[in-house]
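Peer 1: Quick one, what's the 3D model for this:
(chains A and B)
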Amino acid sequence: MFMSLHWLKVAAATGVAAIALASASYAQTVRVTVAEYSSKTGPYFEKAASEFEAANPGTDIQIEVVPWDVLQQKLTTDISGGANADLAIIGTRWLIDYVSQGIAAPLDDYITDDFRARFIDTFLSPSVMDGQTYGLPIAASARAMYYNKALFEEAGIAEPPATWDELKAAAEKIKALGGDAYGFGLQGKEIETDVYFYYALWSQGGTLIEEDGTSGLDTEAAYKAAQIYKDLIDGGLTEPGVTSLNREDVQNLFKQGRIGMMITAPFLANQIKEEAPDLQYGVAAIPAGPNGDRGTYGVTDSIIMFENSQNKDTAWQFMDFLFTTEKRAEFDENEGFLPVNAEEAAMPLFADNADLKAFTDLLPSAQFAPVIAGWEEMAAATSNALQRIYLGEGEIQAELDQAAAEINSIIEANN
Amino acid sequence: MNRSIFTNPYVLIAPAFLLAAFIILWPLFQIGEISISNVNRFGQLRGFAGPDNFMAVLADPQFLASLWRTVIWTVGIVAGTIAISIPVALILNEDFYGRGLARVIIMLPWAVSLTMTAIVWRWALSGESGMLNSALMGLGLIDQNIQWLAQAATAFPVQIAIGILVSIPFTTTIFLGGLSAIPDDLYEAARLEGASGWQIFRTITLPLLRPFINIAVVMNTITVFNSFPIIWATTQGGPANSTDILVTYLYKLGFNFGKLGEASALSLLMFALLLFFTIIYVRLAMQGERE
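Peer 2: Purely as a prediction, here's the structure:
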């Protein structure tokens, strides 16, 4: 009797010691794959990691910074080799694949009501699928129209154009100046060539995917939208050779003061501040269509937790830490993203920023990329049709109808 | 004489063969497995698909269009490179003042990573601020900027020209090696007989350079056929896929669209194509040599 009790004590003590030893020598390692938005991204996450490690002894946060262009490739390769991190930033439009293949873990068990209340709902909702939250919006952005105030003044344009007709008139006045500046900066190459077209499409009352689940490219609204851009190109009101300029190329021309108007994201304001501080520019709403319709493109990137993560609790704690108001404000200020956190949006830093206000004002009309498998391929089909239209190699209606047919067959194949 | 087993040729090449097999055959086996499977975008196998992936690739009009462009791309660059490298090698083989410097200049592009070269060219070809346009304008050849990369009609020839430029150093090196292997007394004898420069080139230099030309053709074909950075950095195969070759189309299939099954099938087809044409060429060339 005595004996057995003694043995029990010894066994218990040994067990406790073993557990203590194991946890001391085995740090809770969380690997995080991070998209490089700018040169400030890496240092920001490294700093966040060391702050978190200091506050939570025994944790080890490892940050891997990956350029945006190769992010999808890197994640795919990591996942197929079973070597993925615990957390990763992904484009929210990719999330559906991660959810349907069981790669992303649902976060609802961790999310408390208090935590959920931190977010502006517009930005959290794209990461919710089938009633489960699979990601948190680490970066949020929308689009608005930048215009060059100096060029506007010189050309005698009083107000930024509110409609596409007014935009065309303004571009004509800028062209009439005869300098080396172009009226409207039109993107015709690489990622988001399709998005640049959607601004016009939404203003004509069009949609990307119609209610019957087919493409909205074979509609009057789409034909009219393409006609608007084609007229601008043919009238010499855009920069020449639009199919050789990607978003950064057009932005660079804008920074050089050679573009009257262009539609892009809030981060251009940050770039102008650093690279062309003397540029006189304003930010206005995207022009509306004849019925007052307008739409901006809302984009979020999500940070997700992998289903195969070994340290989910620690990973969640780090996510929680990243979404505190203070960390969010630091990140969004660095990168020029929109605040996703309600408390953060009320901070003077964001609330009193006139540029940002133009973006947040457009949020009620924000449209997100459709949550649909194969979206990247559909976007590519759209971009290809647009490039042929811009180059004059194809008729608007024929090209858009063909792209719509391609998109419909992709939708069918994925169902 | 009794030969030791350690001098048996098969034993001698075994280590190198095993290493090559590990590097080449194992991935080939993996790709083969993916190509006949249903596979999700993360490379996880989801059952047997039979020839579906191959059928999907062959039925895609982009495949044929890219294949045709790959032929133009490969033939254009390899032929252009050989045609330019022979005279360059002949000149660099002559003894002249500053030959060392000239050789360094010709070889320099080799030292720069292909991707960097391509990115620099992307800037140089920019319609608004590119060096090429300002140079042509300075020379009075054009009076308006040319948007080089805006359409395939100008973009693709320029890409081929860049491809030729970066292939010259390697090819010239092969030819310089070949030229130094031709004995000088052949030339001396020909000159004594009063042969002209062209006759010497046609009847002595060219025939003796043949094996080196064959090597240059085969090696350049293999590299150029699979060359990705030039096209990707300048146009990404656009506008509207009009400058896509098979390898850029493959990248889009695999990594942009996540169709890893079709991408694997396509890369096997590319491997087979390249192997087929290389073997045919090598056989033809060997036949020519024997005659």
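
Peer 1: what's the pLDDT at residue A:137?
Peer 2: Note on residue A:137: pLDDT of 94.

Peer 1: three-state assignment of it?
Peer 2: Following DSSP: H, G, I helix; E, B strand; the rest coil, the label given to residue A:137 is strand.

Peer 1: Which positions in the stretch 1-150 of chain B make contact with chain A?
Peer 2: Contact residues (C-beta under 8 Å from any C-beta of the partner chain) of the stretch 1-150 of chain B with chain A: B:40-44, B:126-128, B:145, B:147-150. Where C-beta positions appear, they are placed from N, C-alpha and C, glycine not excepted.

Peer 1: Can you list which of those residues are found in strands?
Peer 2: Using DSSP state E, no member of the residues of the stretch 1-150 of chain B next to chain A sits in strands.

Peer 1: Mind picking the two most distant members of those residues?
Peer 2: Comparing every pair within the residues of the stretch 1-150 of chain B next to chain A by C-beta to C-beta identifies B:44 and B:145 as the most remote, at 48.9 Å.

Peer 1: looking at this, residue A:183 is in a strand?
Peer 2: Yes: the assignment for residue A:183 is a strand, going by three-state DSSP.

Peer 1: Now the closest residue to residue B:190 other than its chain neighbours: which helix or strand?
Peer 2: Computed as C-beta to C-beta, 6 or more residues apart in numbering or on different chains, the closest residue to residue B:190 that is not its neighbour in sequence is residue B:200, at 5.1 Å. Element membership of residue B:200 [criterion: DSSP states H and E] is helix B:197-200.

Peer 1: Helices of the stretch 51-200 of chain B, residue ranges please.
Peer 2: Applying DSSP state H, counting those that start in this stretch to the stretch 51-200 of chain B gives helices spanning B:52-59, B:61-93, B:99-111, B:114-124, B:131-138, B:152-180, B:184-192, B:197-200.

Peer 1: quick one: contacts for the residue in the stretch 201-350 of chain A that chain B sits nearest to?
Peer 2: In the stretch 201-350 of chain A, the residue that lies nearest chain B is residue A:241 (2.6 Å; C-beta to the nearest C-beta). Residues in contact with residue A:241 (C-beta atoms under 8 Å, 6 or more residues apart in numbering or on different chains) are B:127, B:147, B:149, B:150.

Peer 1: picking up where we left off before, distance of the residue nearest to residue B:190 relative to chain A?
Peer 2: 47 Å (C-beta to the nearest C-beta, to the nearest Å).

Peer 1: Out of the contacts of residue A:241, grab the one that's most surrounded.
Peer 2: Neighbour counts for the contacts of residue A:241, by other C-beta atoms under 10 Å in any protein chain shown, peak at residue B:149, which reaches 27 neighbours.

Peer 1: What strand or helix carries residue A:321?
Peer 2: If you go by DSSP H and E, residue A:321 is part of helix A:312-322.

Peer 1: which other residues reach stretch A:277-286?
Peer 2: Stretch A:277-286 is contacted from outside by A:143-150, A:160-162, A:199, A:203, A:254-255, A:257, A:263, A:269, A:272, A:294-296, A:354-355, A:358-359, A:361-362, using C-beta under 8 Å, 6+ apart.

Peer 1: buried ones in it?
Peer 2: A:279, A:281, A:282, A:283, A:284, A:285, A:286 (16 or more other C-beta atoms under 10 Å in any protein chain shown).

Peer 1: need the residues of the stretch 1-150 of chain B next to chain A in JSON lines with pLDDT, can you?
Peer 2: What follows is those, written out as JSON lines (pLDDT from 0 to 100):
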{"residue": "B:40", "pLDDT": "85"}
{"residue": "B:41", "pLDDT": "83"}
{"residue": "B:42", "pLDDT": "85"}
{"residue": "B:43", "pLDDT": "82"}
{"residue": "B:44", "pLDDT": "84"}
{"residue": "B:126", "pLDDT": "90"}
{"residue": "B:127", "pLDDT": "86"}
{"residue": "B:128", "pLDDT": "84"}
{"residue": "B:145", "pLDDT": "89"}
{"residue": "B:147", "pLDDT": "92"}
{"residue": "B:148", "pLDDT": "93"}
{"residue": "B:149", "pLDDT": "93"}
{"residue": "B:150", "pLDDT": "93"}
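
Peer 1: which one among those residues gets closest to residue A:394?
Peer 2: Using C-beta to C-beta, the residues of the stretch 1-150 of chain B next to chain A come closest to residue A:394 at residue B:150, 15.4 Å.

Peer 1: what residues are up against the closest one?
Peer 2: A:188, A:240, A:241, A:242, A:243, A:244, A:391, B:127, B:239.

Peer 1: Please tell me I have it right and the fifth one contacts residue B:151.
Peer 2: Right, the one you point to is residue A:243. Yes: Residue A:243 is within contact range of residue B:151, at 6.7 Å (criterion: C-beta atoms under 8 Å).

Peer 1: quick one: which of the two has more around it?
Peer 2: Using other C-beta under 10 Å, the more surrounded residue of residue A:243 and residue B:151 is residue A:243, with 29 against 23.

Peer 1: confidence score at the residue nearest to residue B:175 when sequence neighbours are not counted?
Peer 2: Nearest residue to residue B:175 in three dimensions, chain neighbours excluded: residue B:89, at 3.5 Å (C-beta to C-beta, 6+ apart). Per-residue confidence at residue B:89 stands at 94 (pLDDT).

Peer 1: Around residue B:89, how many other residues sit close by?
Peer 2: Here the number of neighbours of residue B:89 (other C-beta under 10 Å) works out to 23.

Peer 1: OK, contacts around residue B:195?
Peer 2: Counting by C-beta under 8 Å, 6+ apart, residue B:195 has contacts residue B:203.

Peer 1: For residue B:48, what are phi and psi?
Peer 2: Phi and psi for residue B:48, reported as degrees, to the nearest 10, are phi -80, psi 140.

Peer 1: beta partners of it?
Peer 2: When bridges are called by DSSP bridges, residue B:48 pairs up with residue B:37.

Peer 1: Redo the residues of the stretch 1-150 of chain B next to chain A as TSV? Include distance to residue B:282.
Peer 2: What follows is the residues of the stretch 1-150 of chain B next to chain A, written out as TSV (distance: C-beta to C-beta, whole Å):
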residue	distance to residue B:282
B:40	40
B:41	38
B:42	39
B:43	34
B:44	39
B:126	41
B:127	43
B:128	47
B:145	46
B:147	42
B:148	37
B:149	36
B:150	40
